[in-house]
Structures are given as structure tokens and as C-alpha cells.
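*Asks:* model the structure of this input:
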Amino acid sequence: MNFRPLLQFLRTLSLGLPVVGLAAAVPAPPNIVFILADDMGWNEVGYHGSTYYETPNIDRLARRGVRFTDAYSAAAICSPTRAALMTGKYPARLHLTDYIPGRLWEDKPLVTPKMQQGLPLAEHTLPERLRQRGYATGLFGKWHLAADYEYRPHRPMDPESQGFDTVFHTRKPEDEDITAKKPDAHNAVEITDHALKFIRTHRARPFFCYVAHNVVHRPYGEDDALVEKYRRKSGAGQPENHAVMAAMIERMDRQIGRLLDALESEGLADRTLVVFHSDNGAVVADASQAPFRGGKATLWEGGIRVPLAIHWPGVTRSGAVSKEPVVTTDLFFTLCEAAGAPTNDLPSDGVSLVSHLRTGAPLAREAIYFHYPHYHHLGDMRPASVIRAGSLKLIEWHEGALLGRGPVVSLFDLAADPGEQNDLATAQTARANELRGKLRRWRAAVGAQEMTVRKPLPPSAPR
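*Replies:* Below you'll find the predicted structure:
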């Protein structure tokens, strides 16, 4: 008997491709375009109310789909968030909790745990899972998950070894590039050029196009005329508004518009899922993250609450607003479900948002977690871990817990106090203890690396 037709039929089903001749064809999986901004704050998009930053194309995406008011990056710093997106795992579980390579800070009272340097090849990444479903996979822009910044094609832990077929790799510019007024110093146009070529080349099959911009990371620089536009714009004197950052964001937004327009002109828009997200908040020393406290490298809301908008034609409801707390790991599970890629081999560090995108139904999850056992030269926050359960957010301060230096915990009700000004830990001791217990049990369950007291203590540390 000739089994070839049966085998071909089963293979077609496994890839989720249409089956010719069947009355009810299996729907093709959607194309996926994932746009990740670098260090872009929650308050730097128009659809969150800014009239200073101009993001008409990001806003267009948000209007067409679902925008999330309470979306979080998996970390307050770049590499861990990117690792969480690629694996669906919390950075604490991966032992990749700071930017690569990180810093030891030997003059601080707590010892930073030794961190995983690069995303291990043993991890079954998002592009690898999608590739098994018949997707073409491409990365355009920043990676920052290898052991160093020096990209070499096909080197272990560089993108080709982690599931990407097509790669155009960039990194932030050098200071001298900004001083010399290098055009498109952050490569926003060049990244988009390569992404568009990839989309057009693979338009006849499902594709995963990961567009990882260097905007709006330091060093800041843009065309003088564009910067001058924002220096003259109403609101330029407000602490949350930064003229050069605004000019950089406008350039990136124009490129996002090119991507969205190309999907329409190529006849792909109706079968393409598009995500816009940021890897962490902006640097608070450069631009206030109001209405939130803190910024990049802190677990205050300004460091981890970020823009997220998802448009999936036929699934998302146009103009929908979600107040569900969601986190980067959820996007991994969402994209896998959309593509029909199994995830039952993974711990439940995230949940798929597909049902929520369709119906707005609440997510069945008690809490989300963050762990940053590090010091950082940016921000005003000491090493900490966080649990958010409902509207309550508890911060455990590692110096307070291990040294008695400052508070052990802080508790905030984000619904009433999004700026984290009113610490409820003393007034709600029982609730604070309950949440701290959950946070500590979670750290133990994921094998989180803990800080230890430095011996001997540095002279400036309490004894």
C-alpha cells in the first residue's frame, strides 16, 4: 500500500497549513511581526496620552487591536527581558537577571550572584518552535543574548544558533557616531529595510519577523532639524519630555509605519499578528516616567511598566483596552498558541493571552514576579524582588532583609497609588507577610539566585 498521501496529509496538518480538497480547511497560522523598542517608557506613546511624543503608527496599531495599560517587561533591564521573550521563562529561572555581562560591584554590601552569560543553547527558543511549524524566522536589530557584544554569524549563542534563518544584527551606536552626526545612527531605517526584504521574500509562507530596535537607548542623537522641532514644541520644558528622545522615537515610528504599510500593500495585513512592546522603561535621569516612579534598572513601575499593543485581525477587538497585568513571558506563550506550537514541556512562567485577546476574559493567574539581585549605575533603587497580585505590589528589599538597612518590604495599591508614594506595609502587615511568603516561595521554586552579605563589609556599609 502507498502510504505517501497519508503521510503528506499528516505533515500538512502538523504544519497548520491549508489542506486542499477538505470542506473545512485547517487555517494557516498567522504571520508574526514583533517590534521591540529599547528603553522606551510607558509614557512615550501617544495612545497613553502623550501629546509631545509623536507615535501615529504605533497608535494606529494600538487602535486596531488591544492596548494594555498594565503590561510589564520581564525585567527592568534589557537582556533578561529578551531572554524571557525567547524562552517563556522568568529571568530568575534562567539565572539571567541583568544585562550581559553585568557588573560585580565589589564595593557594595551585598554580593551579586554569578549570572548566566548568554542564552544557553539548551533552551528551545521561540524561533526554533516556530520554525518547526513551518515558519521562516528573521531577526533584525539588537540581540544582546550572546556572551559579548561582538556578533559573529553562527557562533554559539548568536541568533543563527538560536533558531533564526535570516539575521541583520546591529547594536547601539558609539558616542563618536553621535558626535559625528552619523545619519540613522541607531539603524532604525536600515533595520526596517532588511525586515521589509525578509517579509517580501517570505510572503508565501508563515514568517516570524522580529524587529528589535536600538531606539531609544543611549547615546541620544538625531537629525538637528528634527530635534529642533521638539525643542520648540509645546511641553518641551516638562520633565517627562526629552527633545532628542522624541526625535529618535519619531524616526522609529516612521519605520513602523513602513512595516504596517508594506503588510497592507503585500496583501498580508489580514493574516499577520503584530506586537509592539518595550524591553524596559526609560532612563529616569533623562526623562521622568510620570505618572510612575523610577525608571530603567529599577523595579518601580517606571522601570518595568511599558507599552504593549497587539493587533491580530479576526481575533483582537478594534480599540480594546485591557487592564490585565501581563508580562513578557506571556507573549511567548501567546505566539506559540497562535502558531500551533506546543509548550507543554515548559514551566508556567507565563500564560497565553489568546483567549483574553478574543473575549477580554480575565486571566487565571494569581500573580506575576520580578527578581533583580543586582546593583546598577542607573536608577535610585536597591536590589529587590517584586510580586504583583491584583492591584497590590509588594517589594522585598534585599539590603533590608539581609542587613537591616532600610525597610524589609514595601506595599502599594497600584489602583489607588500608581506612583507608589503611599507605603502600606505597616498598616497592612498581614497582607504584606502573605505576599512576601508567596514571593519567597516563588524564588525557591524557580531556583532564583540570592544575594549574600559581603564579608568583610565595605567600610561604608552598616555593621
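
*Asks:* show me the residue at the heart of this protein, geometrically.
*Replies:* The centroid of the chain falls nearest to Asp279 when counting by Cα atoms, centre = their mean (3.6 Å).

*Asks:* list the contacts of stretch 174-190.
*Replies:* Contacting residues not belonging to stretch 174-190 are listed as 141, 168, 170, 172-173, 213-215, 217, 219-224, 248, 251-252, 255 [Cβ atoms under 8 Å, 6 or more residues apart in numbering]. The way it works is simple: take the backbone N, C-alpha and C, and place the C-beta from them, glycine included.

*Asks:* the same query, at a cut-off of 7 Å, please.
*Replies:* Residues lying outside stretch 174-190 but in contact with it, judged by Cβ atoms under 7 Å, 6 or more residues apart in numbering, are 170, 172-173, 213-215, 219, 221, 248, 251-252, 255.

*Asks:* and what of stretch 40-55?
*Replies:* Outside of stretch 40-55, the residues that reach it under the criterion Cβ under 7 Å, 6+ apart are 56, 58-59, 62, 67, 216, 233, 235, 240-241, 246, 249-250, 253, 278, 281-282, 287, 289-290, 292, 302, 305-307.

*Asks:* how about stretch 308-315?
*Replies:* The set of residues external to stretch 308-315 that reach it, using Cβ under 7 Å, 6+ apart, is 30, 58, 61-62, 64-68, 71, 269-270, 273-277, 316, 326, 357-358.

*Asks:* could you say what helices and strands the longest helix along the chain packs with?
*Replies:* In the chain, with assignment by DSSP state H, the single longest helix is helix 243-265. In this structure, helix 243-265 packs against strand 31-37, helix 56-64, helix 188-201, helix 224-231, with contacts taken as 3 or more Cβ pairs under 7 Å, 6 or more residues apart in numbering; DSSP states H and E.

*Asks:* any idea which of the ones you listed is most buried?
*Replies:* Mean neighbour count (mean count of other Cβ atoms under 10 Å) peaks for strand 31-37 among those, with a mean of 24.

*Asks:* now do that strand and helix 56-64, the angle between them.
*Replies:* For strand 31-37 against helix 56-64, the angle between stretch directions is 130 degrees (axes from the mean of the first three to the mean of the last three Cα atoms, to 10 degrees).

*Asks:* listing partners with orientation, what would you give for strand 31-37?
*Replies:* The strands that strand 31-37 pairs with in its sheet are strand 207-212 (parallel), strand 272-278 (parallel) (by DSSP bridges).

*Asks:* contact partners for the residue lying closest to Val284 once chain neighbours are set aside?
*Replies:* Leaving aside its chain neighbours, Val284 sits nearest to Gly295 (2.9 Å; criterion: Cβ to Cβ, 6 or more residues apart in numbering). Residues touching Gly295, when contacts are defined by Cβ under 7 Å, 6+ apart, comprise 281-284, 289, 302-303, 379.

*Asks:* nearest to Ala416 among those?
*Replies:* Gly302 (17.6 Å; Cβ to Cβ).

*Asks:* hmm, that closest one is touching Ser278, no?
*Replies:* No: in this structure, Gly302 sits apart from Ser278 without contact. The criterion is Cβ atoms under 7 Å, and the distance is 11.9 Å.

*Asks:* more neighbours: which of these two?
*Replies:* Gly302 (31 against 27; other Cβ atoms under 10 Å).

*Asks:* helix/strand/coil for that one?
*Replies:* Following DSSP: H, G, I helix; E, B strand; the rest coil, the label given to Gly302 is helix.

*Asks:* sorry, back to before: most packed of the strands paired with strand 31-37?
*Replies:* Relative to the other members of the strands paired with strand 31-37, strand 207-212 carries the highest mean neighbour count by mean count of other Cβ under 10 Å, namely a mean of 26.

*Asks:* hey, where'd the helices end up in the stretch 351-463 of the chain?
*Replies:* Under the criterion DSSP state H, counting those that start in this stretch, helices of the stretch 351-463 of the chain are mapped to 354-359, 398-403, 429-446.

*Asks:* I'd like those as TSV, with mean pLDDT appended.
*Replies:* Shown next, in TSV, are the helices of the stretch 351-463 of the chain (pLDDT from 0 to 100):
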stretch	mean pLDDT
helix 354-359	97
helix 398-403	97
helix 429-446	98
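
*Asks:* rebuild these as TSV, extending it with distance to Asp345 and mean neighbour count.
*Replies:* Listed next are those as TSV, based on distance: least, Cβ to Cβ, whole Å; neighbours: other Cβ atoms under 10 Å:
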stretch	distance to Asp345	mean neighbour count
helix 354-359	19	17
helix 398-403	32	20
helix 429-446	16	16
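
*Asks:* to Leu121, which of those lies closest?
*Replies:* helix 429-446 (20.5 Å).

*Asks:* restrict the closest one to CA atoms and write it as CSV.
*Replies:* Once side chains and other backbone atoms are set aside, the C-alpha atoms of helix 429-446 remain, and they are given as CSV (Å, rounded to 0.1, in the frame of the first residue of the first chain):
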residue,chain,number,x,y,z
THR,A,429,1.2,43.8,57.9
ALA,A,430,-0.8,40.6,57.5
ARG,A,431,-1.2,41.2,53.7
ALA,A,432,2.4,42.2,53.4
ASN,A,433,3.5,39.0,55.1
GLU,A,434,1.3,36.9,52.9
LEU,A,435,2.6,38.4,49.7
ARG,A,436,6.2,38.2,50.9
GLY,A,437,5.7,34.5,51.7
LYS,A,438,4.4,33.9,48.1
LEU,A,439,7.3,35.9,46.7
ARG,A,440,9.9,33.9,48.6
ARG,A,441,8.3,30.6,47.7
TRP,A,442,8.3,31.6,44.1
ARG,A,443,12.0,32.4,44.2
ALA,A,444,12.7,29.0,45.7
ALA,A,445,10.5,27.2,43.1
VAL,A,446,12.3,28.8,40.2
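
*Asks:* any low-confidence regions in this protein?
*Replies:* 1-26, 379-380, 460-463 (pLDDT under 70).

*Asks:* okay, now the domains of it?
*Replies:* When the chain is parsed with automatic domain parsing, its domains come out as 29-359, 368-453.

*Asks:* give me whichever of the ones you listed is most buried.
*Replies:* Using mean count of other Cβ under 10 Å, the stretch among those with the greatest mean number of neighbours is domain 29-359 (a mean of 21).

*Asks:* state the distance spanning the first to the last residue of it.
*Replies:* One end of domain 29-359 to the other measures 19 Å (Cα to Cα, to the nearest Å).

*Asks:* likewise for stretch 367-381?
*Replies:* 22 Å.

*Asks:* that stretch: how far from the chain's middle?
*Replies:* Here stretch 367-381 shows a centroid-to-chain-centroid distance of 15 Å under the convention Cα atoms, centre = their mean, to the nearest Å.

*Asks:* dump stretch 265-276 to PDB, keeping only the CA atoms.
*Replies:* These are the backbone C-alpha positions of stretch 265-276, laid out as PDB (Å, rounded to 0.1, in the frame of the first residue of the first chain):
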ATOM      1  CA  SER A 265       0.400  46.600   0.100                       C
ATOM      2  CA  GLU A 266       1.600  42.900   0.000                       C
ATOM      3  CA  GLY A 267      -1.800  41.600   0.900                       C
ATOM      4  CA  LEU A 268      -0.500  40.300   4.200                       C
ATOM      5  CA  ALA A 269      -2.200  42.500   6.800                       C
ATOM      6  CA  ASP A 270      -5.300  40.400   7.300                       C
ATOM      7  CA  ARG A 271      -3.200  37.300   8.200                       C
ATOM      8  CA  THR A 272      -0.400  39.000  10.300                       C
ATOM      9  CA  LEU A 273      -0.300  39.300  14.100                       C
ATOM     10  CA  VAL A 274       1.700  42.400  15.100                       C
ATOM     11  CA  VAL A 275       3.000  43.200  18.500                       C
ATOM     12  CA  PHE A 276       4.700  46.400  19.800                       C
END
